[in-house]
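Visitor: Fold the following.
(one chain, ligands or ions: 1)
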Amino acid sequence: MSDQHYRVFKIENGTVIDHIVPTMALKIIDILGIRDKGLVSIGINFDSGKTGKKDIIKFENVYLDKTETDLIALFSPHATINIIKDNKVIEKRKIEMPSVINSIIKCPNPTCVTNNYRDCDTKFIVERFDENSTIVRCYYCEKETTVISELIK
Ligand SMILES: [Zn+2]
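Guide: Alright, predicted model coming up:
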């Protein structure tokens with residue numbers, strides 16, 4: 001493990017999100033939110049052998065579940081998740097792009113039913129994605145859109 005790894009606060013318990021596409025860490029925080037327990041440390045533009053640069057996020061004392069960590073795929077499909085307990089990695093998790101995204105993003109179409117009826121929650125179908133972008137289609141109005149942080153509710 002390189003010295004650089006320790007520039008981000010080392011955690012005894014919690015969730016480490018590694019190999020995030022550089023500068024996407026803040027967007028991922030937008031989705032996951034800052035939890036009310038424990039420290040959240042964010043490292044941006046770390047050197048990484050595999051991809052050149054990477055971001056890292058560590059949530060101390062917070063265990064994210066798979067439904068939450070799969071949402072990271074929206075901005076970083078190759079991120080990895082390590083669950084740490086008592087200084088040991090107890091789970092190495094790969095993320096999978098969800099096929100449907102509920103609630104997290106809003107529809108950019110102003111006439112969409114989801115923007116006009118308070119009881120109508122958003123639902124998007126993931127159409128395609130690559131390293132840099134994810135294209136989703138609104139289940140209600142069929143509008144296709146690239147997921148950008150401005151669309152996160
Ligand atoms: Zn819509």
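
Visitor: which residues does the closest residue to I11 other than its chain neighbours form a beta bridge with?
Guide: Closest residue to I11 in three dimensions, ignoring its sequence neighbours and counting by Cβ to Cβ, 6 or more residues apart in numbering: E60, at 4.6 Å. Every residue, glycine included, has its C-beta placed from N, CA and C. Applying DSSP bridges to E60 yields these beta-bridge partners: G14.

Visitor: so where's this structure uncertain?
Guide: When the per-residue scores of the chain are filtered using pLDDT under 70, the ranges that remain are 1-8, 37, 50-51.

Visitor: can I see the domain layout of it?
Guide: In the domain annotation for the chain, the residue ranges read 3-94, 100-151 (automatic domain parsing).

Visitor: Can you tell me which of those is most buried?
Guide: Mean neighbour counts were compared across those using mean count of other Cβ atoms under 10 Å; the top stretch is domain 3-94, at a mean of 16.

Visitor: so what's T134 up against?
Guide: The contact partners of T134, by Cβ atoms under 8 Å, 6 or more residues apart in numbering, come to A73, L74, F75, P77, M97, V126, R128, T146, V147.

Visitor: Contact partners for the fourth one?
Guide: The neighbours of P77, taking Cβ under 8 Å, 6+ apart as the test, are I95, M97, F129, D130, E131, T134.

Visitor: Could you single out the nearest of those residues to the ion?
Guide: Comparing the contacts of P77 against the ion with Cβ to the ion places T134 closest, at 16.0 Å.

Visitor: beta partners of the closest one?
Guide: F129.

Visitor: do the one 4 residues further on as well
Guide: With beta bridges defined as DSSP bridges, C138 has these partners: F124.

Visitor: Can you show me the helices along the protein?
Guide: Using DSSP state H, the helices found in the chain span residues 25-32, 66-70.
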